[in-house]
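Engineer: here you go, sequence then predicted model.
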Amino acid sequence: MAFNSDSSKNPLPSKSRKLKKVLASKSSTGNLSSSSQTSLKQSITLHQRQIVDFYDKKLITLQQEIIDFYNEKSITLQQQIIDFL
């Protein structure tokens, strides 16, 4: 199977930098400003969606590869049975 776990297609590293930047903007009291909180919530939501989308695509690809593999084996086995008979 050609399941590719290439992390270069993973959207997470650039988003992690953005989250760190937002977290670094907290005020001297240790609290995030309202706009930073909103920005952080939006970044986290986007980040979560990208994680789900990334792994959904990987799962669909893997499922298709498994189906293709077993279909190929089934055809080969059927042909061997026909040849034997």
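Structural biologist: Thanks, I have it.
Engineer: and residue 44, how many neighbours?
Structural biologist: For residue 44, the tally of surrounding residues (other C-beta atoms under 10 Å) stands at 13. (Each C-beta comes from the backbone N, C-alpha and C, glycine too.)
Engineer: in terms of helices and strands, where is it?
Structural biologist: helix 34-84 (DSSP states H and E).
Engineer: what helices or strands is that helix leaning on?
Structural biologist: Applying 3 or more C-beta pairs under 8 Å, 6 or more residues apart in numbering; DSSP states H and E, we find helix 34-84 packed against helix 12-24.
Engineer: what about the helix holding residue 44, average pLDDT?
Structural biologist: Helix 34-84 carries an average pLDDT of 91.
Engineer: do you know the pLDDT at residue 6?
Structural biologist: For residue 6, the model assigns a pLDDT of 50.
Engineer: same deal with residue 24?
Structural biologist: Looking at residue 24, the pLDDT reads 66.
Engineer: also residue 2?
Structural biologist: 48.
Engineer: and residue 62, how far is that from residue 48?
Structural biologist: 21 Å (C-beta to C-beta, to the nearest Å).
Engineer: neighbour count winner among the two?
Structural biologist: Set residue 62 next to residue 48 and count neighbours by other C-beta under 10 Å: residue 62 wins out with 14 against 11.
Engineer: buried ones in stretch 45-55, by neighbour count?
Structural biologist: Across stretch 45-55, burial judged by 16 or more other C-beta atoms under 10 Å covers residue 47.
Engineer: just the C-alphas of that stretch, formatted as PDB.
Structural biologist: What follows is stretch 45-55, C-alpha atoms only, in PDB (Å, rounded to 0.1, in the frame of the first residue of the first chain):
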ATOM      1  CA  THR A  45     -11.600  26.400  15.500                       C
ATOM      2  CA  LEU A  46      -9.900  26.700  12.200                       C
ATOM      3  CA  HIS A  47      -7.000  24.600  13.500                       C
ATOM      4  CA  GLN A  48      -9.500  21.900  14.600                       C
ATOM      5  CA  ARG A  49     -11.300  21.900  11.200                       C
ATOM      6  CA  GLN A  50      -7.900  21.600   9.400                       C
ATOM      7  CA  ILE A  51      -6.900  18.700  11.600                       C
ATOM      8  CA  VAL A  52     -10.200  16.900  10.900                       C
ATOM      9  CA  ASP A  53     -10.000  17.600   7.200                       C
ATOM     10  CA  PHE A  54      -6.400  16.400   7.000                       C
ATOM     11  CA  TYR A  55      -7.100  13.100   8.700                       C
END
